[in-house]
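In: Attaching a predicted model along with its sequence, questions to come.
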Amino acid sequence: MKPLRIEKMSIRFGAVTILPEVSFEVAPGECFGLVGESGSGKSTVLRCASMLLGTWSGDAKVGDRSVREMDLMERCRTLQMVFQDPYGSLHPRHSVRTTLSEPLKIHRLGDTEERLAQAMRDVGLPVDFLDRYPHQLSGGQRQRVAIARALILEPEVLLLDEPTSALDVSVQAEILNLLVRLREEKGFTCVMVSHDLAVIDHMCERFAVMKAGDIVEVLPREAILDGSARHPYAQELIAASLAYEGAA
């Protein structure tokens, strides 16, 4: 297990500054949350850290190794990302077998059949689903495949960009419980973006509240219920979330 450090991460799109300067550290094996309103920069942090966006300044380090120093192969072995939309993140004409085999072939890893079977068992899918296509799977099953694809290379860090928000409520808890179990079993460090504080409470030991690209406060999960948040925006966000949960 290795820590993830985000150091003075900043990015501009034209004249608009999306992230003025973001820094935080995630302990080895910890799940750290990023919360805030839409447009606050949460997903942008993940896209910069994974180098899906390359025009940012600052640094992201896994252990002592900067993602900027890693070549593509090393970076893919070190960090993986699960996206919000399981419908869009899987190729519609690729079977589950093809989807999971591709990274193994690219990285020249052996024991392909056993690795594929184990990846399916890890995410709670039947091994014979390897020969199914995305349109033959439910949304929750697609997201399980996306998680299996991310973990098949055994990354040190897993980046989760609202991985349950596109799923039915009945399926969300299953995916969250799956992620909790996999982190306990495999020991990866995790950053989860979510707008839902109930998800953060379930998954994360600590979380950062973001507003307009800045982290205004870093809090333990207990702050969701114990009123210990000090920044006015963090207090407002938590209060609104609790009021919504109460109304629901």
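Out: Done, it's in.

In: low pLDDT regions in the protein?
Out: 111, 244-248 (pLDDT under 70).

In: tell me the helices in it, going along the chain?
Out: Counting by DSSP state H, the segments of the chain that form helices are 42-49, 72-78, 96-106, 112-122, 139-151, 169-186, 197-203, 223-226, 232-247.

In: what sits opposite the residue nearest the centre of the chain in the beta ladder?
Out: Centroid-nearest residue in the chain, with CA atoms, centre = their mean: Leu160, separated by 1.1 Å. Beta-bridge partners recorded for Leu160 (DSSP bridges): Val82, Met192.

In: isn't it right up against Gln80?
Out: No - with contact defined as CB atoms under 8 Å, Leu160 does not reach Gln80; the gap is 9.9 Å. Every C-beta, even on glycine, is put in place using the N, C-alpha and C of the backbone.

In: neighbours of the closest residue to Arg121 other than its chain neighbours, just the number please.
Out: Nearest residue to Arg121, sequence neighbours excluded (CB to CB, 6 or more residues apart in numbering): Val127, at 7.0 Å. Applying other CB atoms under 10 Å, we find 13 residues neighbouring Val127.

In: residues touching Val127, list them.
Out: Neighbouring residues of Val127 by CB atoms under 8 Å, 6 or more residues apart in numbering: Leu116, Ala117, Met120, Arg121.

In: ok, the closest residue to the second one other than its chain neighbours to Ser10 distance?
Out: When the adjacent residues along the chain are set aside, Ala117 lies closest to Val127, with 4.9 Å between them (CB to CB, 6+ apart). Distance check for Val127 against Ser10: by CB to CB, to the nearest Å, it reads 45 Å.

In: do Ser194 as well
Out: Using CB to CB, we find Ser194 at a distance of 23 Å from Ser10.

In: neighbour count winner among the two?
Out: Higher neighbour count among Ser194 and Ser10: Ser194, with 26 against 15, using other CB under 10 Å.

In: residues contacting the more buried one?
Out: When contacts are counted by CB under 8 Å, 6+ apart, Ser194 touches Gly33, Leu34, Val35, Glu162, Ser165, Ile200, Met203.

In: Could you point out which of the helices of the chain sits nearest Gly29?
Out: Nearest of the helices of the chain to Gly29, taken as CB to CB: helix 169-186 at 7.4 Å.
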